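Student: predicted model, plus sequence, below.
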Amino acid sequence: MGNTKLCFMTISEASGLIASGELSPVELVQAHLDRIAETEPKLNSFITLLENESLESAREAEQEIRKSGPRGPLHGVPIGLKDLYYTKGIRTTVGSKILTDFVPDYDAAVVEKFSDVGAVLLGKLQMHEFAFGASSENPHYGPAHNPWNTDRVTGGSSGGSGSSVAAGQAMATLGSDTGGSVRIPSALCGIVGLKPTYGLVSRYGVYPLCWSLDTVGPMTRSVRDAALVMNAIAGPDARGHSSNERAPEDFAQRLGRPIDGLRIGIPNEHYFNVLDGEVKIAVMAASRVLEGMGATIEQVSIPMLDNVPAISNTIMLAEAAEVHLEHIRDQGDQFDPAVRDRLEPGTIIPAAQYVRAQRARAAYCEQVDSAMATVDVLLTPTCPVGAPKIGEPMVAVGDRTEPKGPMLSRLTRPWNLYGGPAISVPCGLTSERLPIGLQLAGRPFEDALLLQVADAYEQASGWEGLA
Amino acid sequence: MEHSQMTQDELAAALRQFGVETTEARLDTLLPGAQKTTEWLREILALDVVGHEPSIRFRPGGR
């Protein structure tokens, strides 16, 4: 098998070959390092590449697998981490100049979990500074480039996590998602990205953006691979302040089951009024595919969807500004000016406004609960447009021109505010050959059901990535 | 109810509470963002939140 072909296998395929002894973890990791060497000059996915360390881990995995078999499907599999996960002894910049020399003295909970299952860490990935932006245009480490068209953004804030998976540099990565930062780059780079239910994956050792919205999530080339990564990283953690106490489940348990009889809702509000025409066509075609598989499609109403930007911006900005108070006061000139200019006004949001926003959030969640009582999942676009150009602050959507960041996140934020799971799955290309993402959202803790529907669509769609 | 737009002086005073000193040019840059937060407040105040406490769903042990 050619080296490049190894880089575009799914984890499911590779783990079978590793278990049968047909594929060595060293061969697999070396193929990915070769792929990185070939593509990185154009993509800039990595902030820190761990070439020697990853080969050493692969050798250890190979020896152990020969001796006693694989620990599980991720044993010997090369993965990458957004550069906001604490890694003991490995610098963690959070995409910033301020933390450019920060070396944590402990591992994040998810890093421990990846280590437990024998995954091989290739490196730390490019991101928008402090995860506070949706494009991954980073003045300190350079922009992440979209593998489908390197003049375009990857989306963000987990941009390197998106580009590396799409380009065959890593088999899976972790992003973090506060307003769409897993799903936006997944949509724009043509891969699968899951924002799990809030609290399902520990945030211990994850540099915060906004505690009440931050979520850890996998980015992969298939829905099944996302489920496998979830099996490795989810579960209670007493150290994680938002960690839920539920026992871990098998997130792959429903994959492959028929979806006939499931009810899929399409919101009347917010989602289809500011949208590129090609995106709308692709998403509605996806709904017909699901309908053809026996699901029923119906309209649902969630009037407060239109208030989500005001509510979630208030919460996110107030919390993010508090996270960075000392940075703003003492090292303001070291921020990306665009990040600083958006962050600093958060310091002056009154406490009463923040609390009122959290009350409004509760009212909004009640409306979504009501809608979710009549359907199993909701179906929407992930982003209103294909990947915008690097360096352009505005983006055209239909007959409007809007600021790029708010436009990219306007369709993903509602599910951070709600707290339930949401996933982006590729559903086509624009006429400029830029990927389009289908977003499916579910009830809290029904992540496995959401993965079932996403997998069913993926199997039917015939999507082929960049390989 | 009328909500006046934040002025440069008010913004400077608010930032000073956190030890953040600013120049006039910097205040010019920040003022639109600060005024945006006031627009969000106006929108949020118009929402019916009667009977709703700040969400506990997202705390450990919550739903």
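Tutor: Nice, thanks for sending it over.
Student: pLDDT score assigned to B:Ser55?
Tutor: Per-residue pLDDT puts B:Ser55 at 71.
Student: also A:Ala247?
Tutor: 85.
Student: can you check B:Glu2 too?
Tutor: B:Glu2 is given a pLDDT of 50.
Student: do B:Glu10 as well
Tutor: pLDDT, B:Glu10: 89.
Student: B:Leu27 versus that one, what's the distance?
Tutor: Applying CB to CB, to the nearest Å, the value for B:Glu10 to B:Leu27 is 10 Å. C-beta here means a position set from N, CA and C on the backbone, and glycine is covered the same way.
Student: what about the closest residue in space to A:His75 that isn't next to it in sequence, how many neighbours?
Tutor: Using CB to CB, 6 or more residues apart in numbering or on different chains and skipping the chain neighbours, the partner closest in space to A:His75 is A:Gly118 (3.6 Å). Neighbours of A:Gly118 under the rule other CB atoms under 10 Å in any protein chain shown: 23.
Student: repeat that for A:Gly72.
Tutor: Quick note: A:Gly72 (other CB under 10 Å) scores 16 neighbours.
Student: ok, now which ones touch it?
Tutor: A:15, A:117-118, A:231-232 (CB atoms under 8 Å, 6 or more residues apart in numbering or on different chains).
Student: any idea which of those has the most stuff around it?
Tutor: Within these, neighbour counts (other CB under 10 Å) peak at A:Ala232, which reaches 25 neighbours.
Student: which pair of the contacts of A:Gly72 spans the longest distance?
Tutor: A:Gly118 and A:Asn231 (13.4 Å; CB to CB).
Student: pick out the residue closest to the middle of chain B.
Tutor: B:Thr37 (4.3 Å; CA atoms, centre = their mean).
Student: and that residue, what's its pLDDT?
Tutor: 95.
Student: before we move on, back to that, dihedrals phi and psi, the residue nearest to A:His75?
Tutor: In terms of degrees, to the nearest 10, the main-chain angles of A:Gly118 are phi 80, psi 20.
Student: ok, it touching A:Ser68?
Tutor: No - at 11.2 Å, A:Gly118 does not count as touching A:Ser68 under the criterion of CB atoms under 8 Å.
Student: neighbours around the nearest residue to A:Leu49 once chain neighbours are set aside, how many?
Tutor: Nearest residue to A:Leu49 in three dimensions, chain neighbours excluded: A:Gly123, at 4.2 Å (CB to CB, 6+ apart). Using other CB under 10 Å, A:Gly123 has 29 neighbouring residues.
Student: for A:Gly123, which three-state class applies?
Tutor: Secondary structure, DSSP: H, G, I helix; E, B strand; the rest coil: A:Gly123 is strand.
Student: just list whatever residues bridge to it.
Tutor: A:Leu49, A:Gly80 (DSSP bridges).
Student: any residues touching whichever helix in chain A runs longest, and which ones?
Tutor: In chain A, assigned by DSSP state H, the helix with the most residues is helix A:351-372. Helix A:351-372 is contacted from outside by A:212, A:265, A:267, A:300-304, A:307-308, A:310-312, A:314-315, A:318, A:378, A:414, A:417-420, A:442-443, B:37, B:40-41, B:44-45, B:47-49, B:52-55, B:57, using CB under 8 Å, 6+ apart.
Student: please indicate which of these are buried?
Tutor: Buried by 16 or more other CB atoms under 10 Å in any protein chain shown: A:212, A:265, A:267, A:300, A:302, A:304, A:307-308, A:310-312, A:314-315, A:318, A:378, A:414, A:417-420, A:442-443, B:37, B:40-41, B:44, B:47, B:49, B:52, B:54-55, B:57, out of the contacts of helix A:351-372.
Student: among those, name the ones in helices.
Tutor: A:308, A:310-312, A:314-315, A:318, A:414, A:417-418, B:37, B:40-41, B:44.
Student: so who does the residue nearest to the centre of chain B touch?
Tutor: Contacts of B:Thr37 by CB under 8 Å, 6+ apart are A:313-314, A:317, A:345-346, A:348-349, A:353.
Student: now the helices for the stretch 151-300 of chain A?
Tutor: Taking DSSP state H, counting those that start in this stretch as the test, the helices found in the stretch 151-300 of chain A are A:159-166, A:183-189, A:223-233, A:277-292.
Student: okay if I get those helices as JSON lines plus distance to chain B and mean pLDDT?
Tutor: As requested, those are exported to JSON lines (distance: least, CB to the nearest CB, whole Å; pLDDT from 0 to 100):
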{"stretch": "helix A:159-166", "distance to chain B": "23", "mean pLDDT": "98"}
{"stretch": "helix A:183-189", "distance to chain B": "19", "mean pLDDT": "98"}
{"stretch": "helix A:223-233", "distance to chain B": "18", "mean pLDDT": "98"}
{"stretch": "helix A:277-292", "distance to chain B": "26", "mean pLDDT": "98"}
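Student: CSV for those helices, including distance to A:Pro403?
Tutor: Below are these laid out as CSV (distance: least, CB to CB, whole Å):
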stretch, distance to A:Pro403
helix A:159-166, 18
helix A:183-189, 14
helix A:223-233, 30
helix A:277-292, 18
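Student: closest one to A:Val77 among these?
Tutor: Taking CB to CB, helix A:223-233 is the member of the helices of the stretch 151-300 of chain A nearest to A:Val77, at 9.0 Å.
Student: quick one, that closest one and helix A:159-166 angle?
Tutor: When axes from the mean of the first three to the mean of the last three CA atoms, to 10 degrees is applied, the directions of helix A:223-233 and helix A:159-166 differ by 130 degrees.
Student: what helices and strands are in contact with helix A:223-233?
Tutor: helix A:11-19, helix A:109-116, strand A:172-177, strand A:192-195, strand A:215-220, strand A:422-429, helix A:447-461 (3 or more CB pairs under 8 Å, 6 or more residues apart in numbering or on different chains; DSSP states H and E).
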